[in-house]
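Colleague: Based on what follows, work out the 3D shape:
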Amino acid sequence: MIWLLMVYLILPIPLVELDTRPVVHIPKDLSDFMTKTAFNCMIKLQTSSIMVKRFFEFQLPDNEASKKFLYCVSYETYLADEDGHMSEALLRLFDGSEHAEEVQKVFESCNKIKTKSPVRTIFEVANCFYKNSPVVLGPDLVRY
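Modeller: Okay, here's the model as predicted:
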């Protein structure tokens, strides 16, 4: 058993499948705004800084703190409305993408989800969108 643990620690073997979907880059000004908002939500909700990292990797666990954090950032950046549904502003990020039409269909389908609270709704809607979208959102490529 210890031998297997040592092999795992020594060899860089990926345990999760890498996401190979195309990336649509978030404009730098929105990315900066999202980062600032994420830190403000972290302070407001008194969550750990790991929550910010998990948000940008879309690796939020299914717990109340994560749901409140996602709602805070999504609502404060105008990417979700007060009911917890994705706003049309999110769709504009995909303008010009060859996958815009497919994204629109996923957006409409996932936005039909409704739960008892806006916090739970945005969590379910965002997970649906992330799992079913033909592309993923990523930071703008900045060259120095």
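
Colleague: how much space between the residue most central in space within the chain and residue 31?
Modeller: The residue lying closest to the centre of the chain (CA atoms, centre = their mean) is residue 58, at 4.1 Å. The gap separating residue 58 from residue 31 is 14 Å, by CB to CB, to the nearest Å. Using the backbone N, CA and C atoms, a C-beta is placed for each residue, glycine as well.

Colleague: now swap in residue 22 and tell me
Modeller: Going from residue 22 to residue 31 by CB to CB gives 18 Å.

Colleague: More neighbours: which of these two?
Modeller: More crowded of residue 22 and residue 31, by other CB atoms under 10 Å: residue 31, with 17 against 12.

Colleague: Kindly indicate whether that one is helix, strand or coil.
Modeller: Three-state assignment for residue 31 (DSSP: H, G, I helix; E, B strand; the rest coil): helix.

Colleague: Residue 129 sits in which helix or strand?
Modeller: helix 118-132 (DSSP states H and E).

Colleague: Tell me the buried residues in that helix?
Modeller: For helix 118-132, the neighbour count (16 or more other CB atoms under 10 Å) marks 118-129 as buried.

Colleague: before we move on, what about stretch 61-78?
Modeller: Buried residues in stretch 61-78, counted by 16+ other CB under 10 Å: 66-77.
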